[in-house]
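>>> what's the 3D shape of this:
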Amino acid sequence: MEQQPHKAGFVSIIGRPNVGKSTLLNTLVGERIAITTPKAQTTRHQLRGICHGSNFQVVYTDTPGILTPTYALQKHMMQAVYDALAGVDVLLWVVDVYTKYDQAELPARIRAKAIPTLLLINKIDLVSTAQLAKIMHDWKARARVSAIIPIAALQSLNTAQVLEHILAYLPEHPPYYPSDMLTDKPTRFFAAEIVREQLLRHYRQEVPYSTEVVIESFKETETIVKISATIYVERASQKAILIGHQGKALKKVGIAARQVLEQFLGKRVFLAQHVKVLAGWRNKEQLLQRLAI
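I've put the predicted structure just below:
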């Protein structure tokens, strides 16, 4: 039997905030590597996840949600989206069943790249068969893409079909990464993201969006990982809210984050959290560079 040629390539996942891009990445890779919350703009950085098969390797890149930036941090987030287009073989444009075409059209800078694009209509489990038929009809009448695939990323519905379409566009190429590698990010990155995920889940309004987490130290032994994290906020009032009365609010975040970290790392975790004010960090280039954003 003739052996099939090996395919490998790069696939970027783009779309507006809160349509399920990170959930899709986790499903396609088969591991929970991207943080997910019900809040929009959870993702701030590019995140690569690598899917391996016997005769293929797909390198996915999750990106921040497409938006019109209003401050420096959001400009950095949008630049991360554009950077993810460099050398990409396939584009996964994710919308959900509530997205209207006139609100979701790709920015001209992305359309101009002429990359093979799969439009994925996510969260189809939330609508009826008749409603989905109308949604599909509306998108087919307007969107100029390579294919339109209805999916439910959280339930892994039709995601195998997505992979089939991707493989049709990938070039023949040897693997770019070792077969046991799931991502190119260091463990410190995920530790910071897990803490930030819990901040998004435990606090409301603007407070969690004004936070950034930096891992100051990460010391691992055979039985325990000791992590020290600094949580930066923009104002003293936000620091007070994060810490809460007698430190109870921050303690809840620490407990929740530690539980996720222990599951992620496979061993006991000691997590120390410190809150510091870094005035106006979201809108100051120098501070964004200092925080490596």
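
>>> List the contacts of the closest residue in space to residue 174 that isn't next to it in sequence.
For residue 174, the nearest residue in space outside its immediate sequence neighbours is residue 6; the separation is 6.0 Å by C-beta to C-beta, 6 or more residues apart in numbering. The C-beta positions use only the backbone N, C-alpha and C, and glycine is treated the same way. By C-beta atoms under 8 Å, 6 or more residues apart in numbering, the residues touching residue 6 are 55-57, 172-175.

>>> at 7 Å instead, please
Contact analysis of residue 6 by C-beta atoms under 7 Å, 6 or more residues apart in numbering lists 55-56, 172, 174.

>>> out of those residues, who has the most neighbours?
Using other C-beta atoms under 10 Å as the neighbour criterion, residue 56 leads the contacts of residue 6 with 20 neighbours.

>>> so that residue touches residue 167, yeah?
Yes - with contact defined as C-beta atoms under 7 Å, residue 56 counts as touching residue 167 (5.8 Å).

>>> Show me what secondary structure element comes after the helix or strand of the chain with the lowest mean pLDDT.
Least confident element among the helices and strands of the chain, by mean pLDDT, DSSP states H and E: helix 101-104 (a mean of 72). Counting by DSSP states H and E, the element after helix 101-104 in chain order, helix or strand, is helix 108-111.

>>> ok, and for that following helix, which residues are buried?
residue 110 (16 or more other C-beta atoms under 10 Å).

>>> what do you get for stretch 173-191?
Neighbour-count burial for stretch 173-191, counted by 16+ other C-beta under 10 Å, picks out 183, 187, 189-191.

>>> Out of those residues, the closest to residue 19 would be?
residue 183 (21.5 Å; C-beta to C-beta).

>>> how about residue 143, what does it touch?
101, 119.

>>> if we can go back for a sec, just the contacts of residue 6: which are in strands?
Per DSSP state E, strands hold the following members of these: residue 56.

>>> Looking at the contacts of residue 6, which is nearest residue 11?
Nearest to residue 11 out of these is residue 56 (C-beta to C-beta; 11.3 Å).

>>> who's the closest one bridged to?
residue 7, residue 53 (DSSP bridges).

>>> how much space between it and residue 240?
51 Å (C-beta to C-beta, to the nearest Å).

>>> so what secondary structure elements neighbour the host helix or strand of residue 134?
Per DSSP H and E, residue 134 falls inside helix 129-142. Based on contacts counted as 3 or more C-beta pairs under 7 Å, 6 or more residues apart in numbering; DSSP states H and E, the elements that helix 129-142 packs against are helix 101-104, strand 117-122, strand 147-150.

>>> Would you format those as JSON lines with mean neighbour count included?
Converted to JSON lines, those look like this (neighbours: other C-beta atoms under 10 Å):
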{"stretch": "helix 101-104", "mean neighbour count": "12"}
{"stretch": "strand 117-122", "mean neighbour count": "24"}
{"stretch": "strand 147-150", "mean neighbour count": "18"}
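
>>> Please enumerate the helices of the protein.
For the chain, applying DSSP state H gives helices covering 21-29, 72-83, 101-104, 108-111, 129-142, 159-169, 187-202, 236-243, 248-265, 285-290.

>>> Could you list the low-pLDDT ranges of the stretch 1-150 of the chain?
1-2, 103-104 (pLDDT under 70).

>>> picking up where we left off before, quick one, phi psi at the residue nearest to residue 174?
Dihedral angles of residue 6 (phi, psi; degrees, to the nearest 10) stand at phi -80, psi 130.
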